[in-house]
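Asks: Attaching a predicted model along with its sequence, questions to come.
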There are 2 protein chains.
Amino acid sequence: MSGERIIYLPLGGAGEIGMNAYVYGYGKPGQERLILVDLGVTFPDMDGTPGVDLILPDISWLKERRNRLEAIFITHAHEDHVGAVGHFWEDLGAPIYARAFTAHIARLKMEDAGQSPETVRTVSPWPETVEAGPFKVGFVPISHSIPESSGLVIDTPQGRLVHSGDFKIDETPMVGEAFDRALWEEIGKPGVKALVCDSTNVFSLHEGRSEATVGPEIETLVRDAKGMVVATTFASNVARVKTLAEAAVRAGRSVCLLGRAMRRMIEASIKTGVLADFPTVVSPEEATQIPRENLMLIVTGSQGERRAASAQLARGKFQGLTMAEGDLFLFSSKTIPGNERGVISIMNAFSEQGVDVVDDSSGKYHVSGHANRPDLETMHTLVNPQLVIPMHGEHRHLREHVKVAASLGRKGVVAVNGMMMDLSGNDPKVVEYVETGRTYLDGSVKIGALDGIVRDRIRMALNGHVIVTVILDEDDEMLGEPWCEVMGLSELGRSNAPLVDVLEEDLSQFIGRAGAKTLTDDDKLEDGLRRITRQTTQNEIGKKPEVTVVISRLA
Amino acid sequence: MSGERIIYLPLGGAGEIGMNAYVYGYGKPGQERLILVDLGVTFPDMDGTPGVDLILPDISWLKERRNRLEAIFITHAHEDHVGAVGHFWEDLGAPIYARAFTAHIARLKMEDAGQSPETVRTVSPWPETVEAGPFKVGFVPISHSIPESSGLVIDTPQGRLVHSGDFKIDETPMVGEAFDRALWEEIGKPGVKALVCDSTNVFSLHEGRSEATVGPEIETLVRDAKGMVVATTFASNVARVKTLAEAAVRAGRSVCLLGRAMRRMIEASIKTGVLADFPTVVSPEEATQIPRENLMLIVTGSQGERRAASAQLARGKFQGLTMAEGDLFLFSSKTIPGNERGVISIMNAFSEQGVDVVDDSSGKYHVSGHANRPDLETMHTLVNPQLVIPMHGEHRHLREHVKVAASLGRKGVVAVNGMMMDLSGNDPKVVEYVETGRTYLDGSVKIGALDGIVRDRIRMALNGHVIVTVILDEDDEMLGEPWCEVMGLSELGRSNAPLVDVLEEDLSQFIGRAGAKTLTDDDKLEDGLRRITRQTTQNEIGKKPEVTVVISRLA
């Protein structure tokens, strides 16, 4: 087919949970006009990305085609959907569209990154649409765990696509719009070529629970508590924060919000009108004057983040407030896989303070923001697409989601990051594999995941680092002795002498034995010194360190 | 009281799950004769202990009193109970007692560490006892997730103590002795001063399930599978390995064991008679010749360990065997908190290969080896001690377990590592705080957790490392220019010039400005060079690196 085609190309989020970035295109092959849906981040960890500040998708492909990019659409304000807008705006330069609350957060992100917030345009929900080249895009309200989440209707000259965004089916979400079955059915009516659909909870077999089920449980818990109550949840889960605050008020407690993200989100919600009636809050200073049994703190740090309010309370004090024996700490949240250690360490610190910790294990104090398997089935049925393309999931989620589609008699296809699909015909096909990957924000610079920089850091952490310095004079004779510095290695080894002494002795002998061929050739000399250093260290302490050799030649 | 006393002193395992080591003593204060119960390890992770091979308890206190140590008793052969015997035997030098299977594994541990296996003595179970100074110690069979687990009856001149060991209440454990209620009641009859009791599952509110419930579920799963079936579990869970193997045989499949630990455990079980009728197994070479639908592999690596069989199969090939589309992989195991990332990455790799992964989320294919809350209550009631001392748990587990004791009207006390309790009178009291901690096996040497060695490695991983070399001549004048090497940092920064160039320029200027006071004083000069290096790097790339300064002075 030499005519126009529809393409779909995930650059992030398909094959992982995080850093969502989905490209849609329409036009002649290689000349498609493009839109980008979401531009998020994911978070580093000590295992694979020590010292990294933030992980961004590698958007080189899109950057090279920025003249074809019509617009960026942000479905909702979670970090994994909006977090990278500021970091990449210079590379892309297209207008950013979002609904009011999301746009507000996107503007803050732009400002944080030193960009102008004015490129972010607020749009009204469906049935209004935005024209972007050959696309008409509408924001359809959908329930999730943050206000004003949207699925997108993406109309092309060859038919309709639906991008679900992150969603759950919640008809009583407490804050924001309820899931509207009739509306989604309506949207499916004209025929939908493909539903690109959230896969996060495909392994959860029971129907999802409404946000409304959490309130009564929290109220009982707070009412029965004797000391201070402290609760944590994602700051962006505005409905939950409101539920927590209202439970406090009903139990005769003053509410204090702790943590920058918590205040920022509540302010954003009030400013953009998504939150009308949030209880009055007291400042941390005022809170210190209120009897503990009349106080409830709502704090950041549900994932055990070291610098958030929860972790700081666990270590001692935060803004003048401390926990005490008989207090209650509630995790109104789920621990994201990989964050268990941090969360558990906070639980134990509270235990040592005599604080009772309640978490989600009973299922009473938290509900997920994503559609479970039966809810995904409902969505497939309502939208009734020809094709289901799972997104927002690891490979295992995408694969399972295709099975769900098949079980309802629909075609599904696993398309992971970098797989460009042509959706034009009746059979979706892979037309290109695009290089994708991860970009690290490391301090103030961006580095590539495969640059070797972080790999070197991991190696130093695993193996330690030995620095060898030798000075050679004009005649290529060693001046003095080789000098070793050691970082991250035992000082004493098998010989019961300092490791650096043994190293310097062995290196000295090596240089003494080395011929002119070695001594005059920096590469040869460096190789030899590195080899001896690794051998000796291995013999002495059983580790093969990273070695940096510095050869100085006096001219 | 100037007479004899009973003391209890956990050196590891109380306030953490791992590296169990519990001291009991009897005698005049400061002259107590001592026994040690268990001597285990715990496992390192990238977060806090990168590059470390194994974590051992700090037993300095006991080492300094080795002349008072009568014996070491090992309750069962899990790594967190027996793993350190070889590493510490030279420091302690006391005879090691264990039942046959445990003794067999302990001897292997001794050999691995280059120690004589003959110090390990095999003992028969209760009612036989071992005399160790003032103590009489009996090994009482108890069900757990490894053969021949034992609780210990520790009789002292002032009464009986019971150390539960790790246990569950399982009357049909498939391999090994069933939990014997009558026996434990009998043991409680003469009166028990204190029950020192496993706390791992105190937050699990339902009654524990028997190992026997797993078999039928696994059988159904294996029978219905179309391709090859691969199952992983802890190698030491011999009952489970047997259940898996028998399910294979019933489904007409040959069994192949993969991974050193898997073969070692089954061999140990057969040699020591705990396993009489294990199905015939085929070698990996033979397995490659068997049709996939007639084959089942039982493999190591249930926790996602990078070098174990599961992870290697996920990456490609292990001993000539590979996975294929339509195969089934079963995690007949629970993921220990902290290991989620590794396990999930294996699941996704299998998903990419088209392999169906089944895990424990349905609750059908795994049961825990530890007593849940109702089972702990049963144990308290059977043994009926005056005092409950929770062990084998993080602080939150110990604290909750004391609440369980209280709910049944018994005194309980949280005693964490280093807290020496006097158990003689009616009221247990803390008589001393002993310094405890962790010792790291790092390559072939032991280092202290607080030595700063691993801290330096973590810092290099987070911040990168800059090495600055300067050479000064006889007149304290710089010879040539300062030289920088950088490891783990971006090569380009804000100036768009190589970071090392900018660094060398700034350092050069600093030395040019520096007076004789600085240039003649190594400490001053080093401080200045480090400060400039950190400043410049912060300006250029937004990171403050670790800095090693090498100053060479030509004499």
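Replies: Yes, it's here. Residues are numbered from 1 along each chain as shown, chains lettered A, B, ... in the order given.

Asks: Next, count neighbours for the spatially closest residue to A:Ala261 that is not a sequence neighbour.
Replies: In this structure, A:Ala261 finds its nearest non-sequential neighbour in A:Ala235, 3.9 Å apart by C-beta to C-beta, 6 or more residues apart in numbering or on different chains. For the C-beta atoms, the positions are set from N, CA and C on the backbone; glycine is no exception. Close neighbours of A:Ala235, defined as other C-beta atoms under 10 Å in any protein chain shown, add up to 25.

Asks: So which bits of the stretch 101-250 of chain A are right by chain B?
Replies: Residues of the stretch 101-250 of chain A lying near chain B by C-beta under 8 Å from any C-beta of the partner chain: A:Phe203.

Asks: so what's the residue nearest to A:Ala261 up against?
Replies: With contact set as C-beta atoms under 8 Å, 6 or more residues apart in numbering or on different chains, A:Ala235 has these partners: A:241, A:259, A:261-262, A:264-266, A:300.

Asks: Would you mind checking those residues for buried ones?
Replies: A:241, A:259, A:261-262, A:264-266, A:300 (16 or more other C-beta atoms under 10 Å in any protein chain shown).

Asks: what's the pLDDT at the residue nearest to A:Ala261?
Replies: pLDDT, A:Ala235: 96.

Asks: so what are the domain limits for chain A?
Replies: A:5-206+A:368-443, A:211-361, A:464-553 (automatic domain parsing).

Asks: so which of the ones you listed gets nearest B:Gly326?
Replies: For these, the distance to B:Gly326 is smallest for domain A:5-206+A:368-443, at 12.9 Å, taking C-beta to C-beta.

Asks: now the end-to-end length of that closest one.
Replies: 41 Å (C-alpha to C-alpha, to the nearest Å).

Asks: That one: how far from the chain's middle?
Replies: Relative to its chain's centre, domain A:5-206+A:368-443 lies at 15 Å (C-alpha atoms, centre = their mean, to the nearest Å).

Asks: quick check: mean pLDDT across that domain?
Replies: Per-residue scores along domain A:5-206+A:368-443 average to 97.

Asks: For A:Asp473, report the pLDDT, please.
Replies: For A:Asp473, the predicted pLDDT is 89.

Asks: cool, and A:Ser2?
Replies: 58.

Asks: Need the outlier residue of chain A, farthest from its centre.
Replies: A:Asp475 (56.8 Å; C-alpha atoms, centre = their mean).

Asks: bridging residues for the residue nearest to A:Gly480 when sequence neighbours are not counted?
Replies: Using C-beta to C-beta, 6+ apart and skipping the chain neighbours, the partner closest in space to A:Gly480 is A:Ile471 (6.3 Å). Beta bridges link A:Ile471 to A:Ser552 when assigned by DSSP bridges.

Asks: okay, now A:Ile471: neighbour count?
Replies: A:Ile471: 21 neighbours (other C-beta under 10 Å).

Asks: Get me the contact residues on the stretch 251-400 of chain A for chain B.
Replies: Residues of the stretch 251-400 of chain A lying near chain B (C-beta under 8 Å from any C-beta): A:337-338, A:340-341, A:344, A:347-348, A:350-352, A:357, A:361, A:394-396, A:399.

Asks: For those residues, which PyMOL command selects only the ones that are buried?
Replies: Restricted to buried positions by 16+ other C-beta under 10 Å, the PyMOL selection for these reads:
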select buried, chain A and resi 340+341+344+347+348+350+351+357+394+395+396+399
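
Asks: Of the residues of the stretch 251-400 of chain A next to chain B, which belong to strands?
Replies: Per DSSP state E, strands hold the following members of those: A:357, A:394.

Asks: helix/strand/coil for A:Thr548?
Replies: strand (DSSP: H, G, I helix; E, B strand; the rest coil).

Asks: now swap in A:Ala415 and tell me
Replies: coil.

Asks: what's the neighbour count on the closest residue in space to A:Val343 that isn't next to it in sequence?
Replies: Of all residues not flanking A:Val343 in the chain, A:Gly304 sits nearest, at 4.0 Å (C-beta to C-beta, 6+ apart). Neighbour count of A:Gly304, defined by other C-beta under 10 Å: 22.

Asks: next one: the one 5 residues further on
Replies: Other residues lying near A:Ala309 total 25 when counted by other C-beta under 10 Å.

Asks: before we move on, what about A:Asp501?
Replies: Based on other C-beta under 10 Å, the number of other residues close to A:Asp501 is 13.

Asks: In the stretch 151-300 of chain A, what residue lies closest to chain B?
Replies: Going by C-beta to the nearest C-beta, chain B is nearest to A:Phe203 of the stretch 151-300 of chain A, at 6.8 Å.

Asks: tell me which element A:His87 falls in.
Replies: Following DSSP states H and E, one finds A:His87 within helix A:85-92.

Asks: scratch that, A:Cys197 is what I was asking about
Replies: Using DSSP H and E, A:Cys197 maps to strand A:192-198.

Asks: Output that strand as PDB, nothing but the C-alphas.
Replies: Output of strand A:192-198 as PDB, limited to C-alpha atoms (Å, rounded to 0.1, in the frame of the first residue of the first chain):
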ATOM      1  CA  VAL A 192     -13.000   1.600  16.700                       C
ATOM      2  CA  LYS A 193     -10.000   0.300  14.900                       C
ATOM      3  CA  ALA A 194      -7.900  -0.200  18.000                       C
ATOM      4  CA  LEU A 195      -8.100   0.200  21.700                       C
ATOM      5  CA  VAL A 196      -4.700   0.900  23.200                       C
ATOM      6  CA  CYS A 197      -5.300  -0.200  26.800                       C
ATOM      7  CA  ASP A 198      -3.900   0.000  30.300                       C
END
